[in-house]
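In: structure, please.
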Amino acid sequence: MQILVNMKKKQTLQIIFAILTIFLSIVFFKIIFNNNDDLVVKKELPENSPEKNLIEGIQYLSKDVNGNIYLIEAKSGLLDDQNQDIIYLDKVNAKINFDNGQEIKVFSDKAVYNIENYDTEFLNNVQLSYNDHNLTCQKILAKFSENYAILSGNLIYKGLLTSLYADQMEIDLISRTTKTSMLNKNEKIRIVHKNNGIN
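Out: Here you go, the predicted model:
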C-alpha cells in the first residue's frame, strides 16, 4: 500500500513538472518569436531635463506570427546611461494573450528589460498566474537570447491539488525541460498534496 502511495506522489510530481514546463515554455517562446514591436511612451521629459532618461507610463507591445500578444507595462522606467537598450522598470505588469483567448500574467515590483533581445529580469515580489496555476518567487530571469529561464528565490507553486516549495527552477526553452532544486543540498523540495479523496 505504501508503494502505491509513493507511486501516486511521484506521478503527481511528474505531472506538476510537466505542466510547469509546458506553461513556462509557452510563455517564453511566445516572447522570443515576437516580430512586430512597438514601444509606446505616454510622457517624455524635455530634452534639457536633468531626468531626461526617466520615462513615465511605459507600455511595450508586440505580436508574434501566431497572433499572440505580449504586453509589458510599467509605472515608470529609467534608461541605462551606458546601454540605451536597457530600461529599468518599476511596478511592472506583463500579459501574454494567446490567440485561443488564454492569458498569462506576470507582476513584479521591478524589472530590467532589454529592448533589443527581449531578455527580461523580473525582480521582487514576482507573481505569475495562468488559469488555476499560481507561482510566486523573487526573481525570474528570462534569457531569450540564450534560450533559458531561471525562477528563483522562495519559489512557490500552487495548483488546485498541489503546492510545491523550492529555491530554484531552471527551464531550457528549446527542450522544454525543467530542473527544480534547493540551493542547500541538505534541504529537499517540499510538495504538499491537498486531501481531496483522490490521493
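In: output the below-cut-off pLDDT ranges for the protein.
Out: Applying pLDDT under 70 to the chain flags residues 1-52, 64-66, 68, 173, 196-199.
In: where do the strands of this protein begin and end?
Out: Taking DSSP state E as the test, the strands found in the chain are 34-43, 54-64, 69-79, 86-97, 103-114, 120-130, 133-143, 148-158, 162-172, 177-181, 190-193.
In: can you put those in TSV and add mean neighbour count?
Out: From N, CA and C alone the C-beta is placed, and that goes for glycine too. Shown next, in TSV, are these (neighbours: other C-beta atoms under 10 Å):
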stretch	mean neighbour count
strand 34-43	11
strand 54-64	18
strand 69-79	18
strand 86-97	19
strand 103-114	19
strand 120-130	19
strand 133-143	19
strand 148-158	19
strand 162-172	18
strand 177-181	16
strand 190-193	13
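In: and stretch 174-189, how far apart are its ends?
Out: 25 Å (C-alpha to C-alpha, to the nearest Å).
In: typo on my end, stretch 79-95
Out: End-to-end distance for stretch 79-95: 22 Å, by C-alpha to C-alpha.
In: please apply the same query to stretch 82-102.
Out: End residues of stretch 82-102 are separated by 38 Å (C-alpha to C-alpha).
In: residues contacting that stretch, please?
Out: Stretch 82-102 is contacted from outside by 26-27, 30-31, 55, 58, 66-80, 103-117, 120, 122, 130-131, using C-beta atoms under 8 Å, 6 or more residues apart in numbering.
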